[in-house]
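Q: One predicted model, sequence on top.
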Amino acid sequence: MSTQRKLRSHDWFGKSDKMGFVHRSWFRTQGYPDDYFTGRPVIGICNTWSELTPCNGHLRDFAEVVKRGVLEAGGFPVEFPVTSLGETVMRPTTMLFRNLASMDVEESIRANPLDGVVLLTGCDKTTPSTLMGACSVDLPTIVVPGGPMLNGRFRGECIGSGSFNWLIKEKQGVENYSPQDIHDVETGVARSQGHCMTMGTASTMACMVESLGLTLPGAAAIPAVDARKKTMAQMSGRRIVEMVREDMKLSHILTRAAFENAIVINSAIGGSTNFIIHLLAIAGRIGVELTLDDLDRFGSKVPLLANLKPSGKYLMEDFYYAGGLPVVIREMHPLLHNDAPTVNGKTIGENNAAAPCYNADVIAPAIRPFQKDAGVAVLKGNLAENGAVIKPSAASPHLLKHRGRAVVFESIEDYHARIDDPGLDIDENCVIVLKGVGPVGYPGMPEVGNVDLPMKLLQKGVRDMIRISDGRMSGTAGGTVILHVSPESAVGGALALVKDGDMIQLDVAARRLHLDIGEEELARRKAQWTPPAPRTTRGYVRFYIDHVQQAHLGADLDRLRGGSGDKVDRDLH
Ligand code: FES
């Protein structure tokens, strides 16, 4: 890797012609002195800060800290805003906009005089969207995860953000929580800046980028409000300048080995099922061959080491105090490519070889895991020809092999209208089937797969049932939930053909998901099926519907897979 390379930004700021004058002159409105235009690496700080994304609300301050580090190392920091995706407010679902945000990031990086990039991320989709966009340009890039909130507290107990949401129906309807109770939970669970502090999708994404080698070691678990998070951000600012000088591009780090490492680590921490769809999309951008089956192959025989909600007991703050992700990486070293490079110039093995564990109740040693075979199981069968996924560590063991009668909901609205109808013919052995929540059908594949159980069964004490859909599930949720069914119902997958009363077989050990109606009947229904009309005729959403790929490919837009590098073939004139 050269240290004397001509900087990419030189094509803008180093020119002596009219456009060089224009590029420099207008930048000078911000008061930059001459030496900023003469060979300093220009570092773009890609900021997903937004008050509409509360989990990223502190990243404005973080950008200033990153800038300190960039300046100390001799770089020229320039912060730029990109589309931010706030999980808890955006309608109909942030997933609809992940690919849009990635386009914003990609084009913003490529079109501007940047030599390296720092991605400031936090809430669920802000990590994969920015990374997907950055991959399609492939400049030196480092990720600064914004960090989790402090542990939620409610009347002396720890509570996890997100996870309580899935209990509200039960708490109000069965345990008679008062409005004051709910208010106290609401305020106590979100008591600091940061993203959800369960091992939900945001924490999973932070651990994903650390295990891919894209953060400084130990970055993922540091709470957002811990001073050490800012230290990490500052050090990342210093490091990205060196990475530019070393020409250490994303593609140098993001090899097939890095992806396999991330799959193993995700299983060991009990990470979200959303990991699957985002990792596949990221691999598609950087040009690494990765399939849904790889998630099962590398991730399903991995012991669960992290005792974190929703699979376990603790929260991210505890995880950090116990030693954080470096402990898990060290414990998992027999299953990892320890020579995989990381952004600090050392291998993942070197970075984590001496990581001490301070609490074995939070992070177990690999020889005494909390669960033997965790991870994700990829199911196949006539109900999911291209695959579906389940997280066995979050499921009920007695349901992992089951045959049950389908109770079908044609849409999420149909589900809400009928699920608590006292006359609904359903019991705990039934299988709830939800259609129309895939990438094309919803559109945008929302996190609704873990639908609440009928109130009459909750009141009977039932706490889990098999639920099948072409949607996703929040990383903060659990249950025997089969997700990401591909092909989805809206494009004619067999899920579209399921009717009330059909028998469905699930056998997780055999990786089988089967609609037991006979091949002839399946073919007859298929011949009669007609696709639903697209839900919109124009705009980005129509473009999304026309181009989104199925879940087993990562639900990226077909036109966005791969990359176009950092070259812009026409100048500004
Ligand atoms: Fe933003 Fe959970 S809602 S991380």
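A: Sure thing, it's come through.

Q: near the ligand, which residues of this protein?
A: 55, 87-88, 123-124, 162, 195-196, 200, 202 (C-beta under 6 Å from any ligand atom). The way it works is simple: take the backbone N, C-alpha and C, and place the C-beta from them, glycine included.

Q: what's the neighbour count on residue 356?
A: By other C-beta atoms under 10 Å, 9 other residues sit near residue 356.

Q: Would you enumerate the residues in contact with the spatially closest residue to it that is not a sequence neighbour?
A: Once flanking residues are discounted, residue 356 sits nearest to residue 323: 5.8 Å by C-beta to C-beta, 6 or more residues apart in numbering. Going by C-beta atoms under 8 Å, 6 or more residues apart in numbering, residue 323 touches 355-359, 363.

Q: can you put these in TSV and add pLDDT?
A: Listed next are the contacts of residue 323 as TSV, based on pLDDT from 0 to 100:
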residue	pLDDT
355	98
356	98
357	98
358	98
359	98
363	98
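
Q: Inside helices: which ones of those residues?
A: Secondary structure from DSSP state H places none of these in helices.

Q: May I ask which two of the residues you listed are separated the most?
A: For the contacts of residue 323, the maximum inter-member distance is 13.0 Å, found between 355 and 359 (C-beta to C-beta).

Q: quick one: which of these two has more around it?
A: Taking neighbours as other C-beta under 10 Å, residue 355 and residue 359 compare with residue 355 leading, 18 against 15.

Q: list the contacts for the nearest residue to the more buried one once chain neighbours are set aside?
A: Leaving aside its chain neighbours, residue 355 sits nearest to residue 326 (3.4 Å; criterion: C-beta to C-beta, 6+ apart). Residues in contact with residue 326 (C-beta under 8 Å, 6+ apart) are 217-218, 351-352, 355.

Q: Looking at those, spot the one nearest the ligand.
A: residue 218 (19.8 Å; C-beta to the nearest ligand atom).

Q: Which secondary structure state does the closest one sit in?
A: With DSSP: H, G, I helix; E, B strand; the rest coil as the basis, residue 218 sits in coil.

Q: Near it, how many other residues are there?
A: By other C-beta under 10 Å, 20 other residues sit near residue 218.

Q: Okay, it and residue 425: tell me how far apart.
A: Residue 218 sits 53 Å away from residue 425, going by C-beta to C-beta, to the nearest Å.

Q: State the helix or strand in which residue 329 lies.
A: Using DSSP states H and E, residue 329 sits in helix 325-331.

Q: Could I have the CA atoms of that helix written out in CSV?
A: The C-alpha trace of helix 325-331 is given here as CSV (Å, rounded to 0.1, in the frame of the first residue of the first chain):
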residue,chain,number,x,y,z
LEU,A,325,-17.5,-8.2,21.7
PRO,A,326,-13.7,-8.8,22.0
VAL,A,327,-14.4,-11.5,24.5
VAL,A,328,-16.8,-13.3,22.2
ILE,A,329,-14.3,-13.0,19.3
ARG,A,330,-11.5,-14.4,21.5
GLU,A,331,-13.7,-17.3,22.7
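
Q: roughly how far out does it sit from the chain middle?
A: The chain centre lies 20 Å from the centre of helix 325-331; the measure is C-alpha atoms, centre = their mean, to the nearest Å.

Q: Please apply the same query to stretch 15-27.
A: With C-alpha atoms, centre = their mean, you get 40 Å for stretch 15-27.

Q: in the stretch 451-573 of the chain, what residue is nearest the ligand?
A: Going by C-beta to the nearest ligand atom, the ligand is nearest to residue 476 of the stretch 451-573 of the chain, at 7.0 Å.

Q: Is that residue part of a helix or strand, or is it coil?
A: Secondary structure, three-state DSSP: residue 476 is coil.

Q: and what of residue 505?
A: Put simply, residue 505 is strand when judged by three-state DSSP.

Q: which non-adjacent residue is nearest it?
A: Excluding the flanking residues, the one nearest residue 505 by C-beta to C-beta, 6+ apart is residue 514, at 4.3 Å.

Q: what's the longest strand in this structure?
A: Ranked by residue count under DSSP state E, the longest strand found in the chain is strand 401-409.

Q: Just give the number of residues close to the residue of the stretch 451-573 of the chain closest to the ligand.
A: 26.

Q: ok, now how distant is it from residue 205?
A: With the distance defined as C-beta to C-beta, residue 476 ends up 13 Å from residue 205.

Q: that older thread, so what touches the longest strand of the chain?
A: 415, 418-419, 424-426, 429-435, 466, 498-509, 516.

Q: Just the ones in helices from those residues, please.
A: 415, 418.

Q: In PyMOL, select just the buried ones from the contacts of strand 401-409.
A: To isolate the buried ones among the contacts of strand 401-409 in PyMOL, judged by 16 or more other C-beta atoms under 10 Å, type:
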select buried, resi 415+419+426+430+431+432+433+434+435+466+498+502+504+505+506+508
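
Q: can you give me the strands for the protein?
A: Assigned by DSSP E, the chain shows strands spanning 42-47, 76-81, 116-121, 141-145, 152-154, 157-159, 377-381, 384-390, 401-409, 431-434, 466-469, 481-486, 503-507, 512-515.

Q: Just give me the neighbour total for the residue lying closest to residue 435 once chain neighbours are set aside.
A: The shortest distance from residue 435 to any non-neighbouring residue, by C-beta to C-beta, 6+ apart, is to residue 489 (4.0 Å). By other C-beta under 10 Å, 27 other residues sit near residue 489.

Q: related to what we said a few turns ago, next up, the contacts around the residue nearest to residue 505.
A: By C-beta under 8 Å, 6+ apart, the contact set of residue 514 is 381-383, 504-505.

Q: picking that back up, quick one: distance of the longest strand of the chain to the chain centre.
A: Computed by C-alpha atoms, centre = their mean, the chain-centroid distance of strand 401-409 equals 29 Å.

Q: neighbouring strands for it, and are they parallel or not?
A: strand 431-434 (parallel), strand 503-507 (antiparallel) (DSSP bridges).

Q: out of these, nearest to residue 472?
A: Comparing the strands paired with strand 401-409 by C-beta to C-beta, strand 431-434 comes nearest, at 11.5 Å.

Q: picking that back up, okay if I get the residues of the chain next to the ligand as CSV plus pLDDT and neighbour count?
A: What follows is these, written out as CSV (pLDDT from 0 to 100; neighbours: other C-beta atoms under 10 Å):
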residue, pLDDT, neighbour count
55, 98, 30
87, 95, 24
88, 93, 16
123, 98, 28
124, 97, 33
162, 75, 28
195, 97, 31
196, 96, 31
200, 92, 28
202, 97, 35
